[in-house]
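Colleague: below is the sequence, then the predicted model.
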Amino acid sequence: EVERTIMLWEKKVQLCEETKKSVDCDVGQGEMSVMRHEIHRMEISKSSLLQQQERLIQALERSVSKRDTIVTQSDILQSKKRQITNTNHSSTSN
């Protein structure tokens, strides 16, 4: 009778351990699901930030190009003004 009781308790302990493992696994799966959703959200955010970064880089490149054009045009105008001024001084000197 004692051996039978011991065997029953061993089965109960084994069942408890198996149940505990399956419950822990389910809890872990829930956490994994939450983490997957969070990772997905972060990946979307990263993608959005990379697109925004690319747009900012392109805008910066356009601004630099525009500035270079303005500087070049300004240099040309100043050069022409100097030529006109030099021509005027030469003709008044004669």
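Modeller: Yep, it's here.
Colleague: for Ser33, what are its contacts?
Modeller: Applying CB atoms under 8 Å, 6 or more residues apart in numbering, we find Ser33 in contact with no residue. Backbone N, C-alpha and C define where each C-beta goes, glycine included.
Colleague: helix or strand: which one has it?
Modeller: For Ser33, the host element (DSSP states H and E) is helix 2-93.
Colleague: and that helix, average pLDDT?
Modeller: Here helix 2-93 scores 89 as its mean pLDDT.
Colleague: how far out from the middle of the chain is that helix?
Modeller: Its chain's average C-alpha position is 0 Å from that of helix 2-93, according to CA atoms, centre = their mean, to the nearest Å.
Colleague: report how many residues lie close to His40.
Modeller: Applying other CB atoms under 10 Å, we find 10 other residues in the vicinity of His40.
Colleague: then Ser22?
Modeller: Applying other CB under 10 Å, we find 10 other residues in the vicinity of Ser22.
Colleague: any idea how far it is from Ser33?
Modeller: Going from Ser22 to Ser33 by CB to CB, to the nearest Å gives 17 Å.
Colleague: likewise for Ile70?
Modeller: Note on Ile70: its distance to Ser33, by CB to CB, is 56 Å.
Colleague: measure Arg36 to Ser47 for me?
Modeller: The value you get for Arg36 to Ser47, if CB to CB is used, is 17 Å.
Colleague: sorry, slip of the keys, the one I care about is Asp68.
Modeller: 32 Å.
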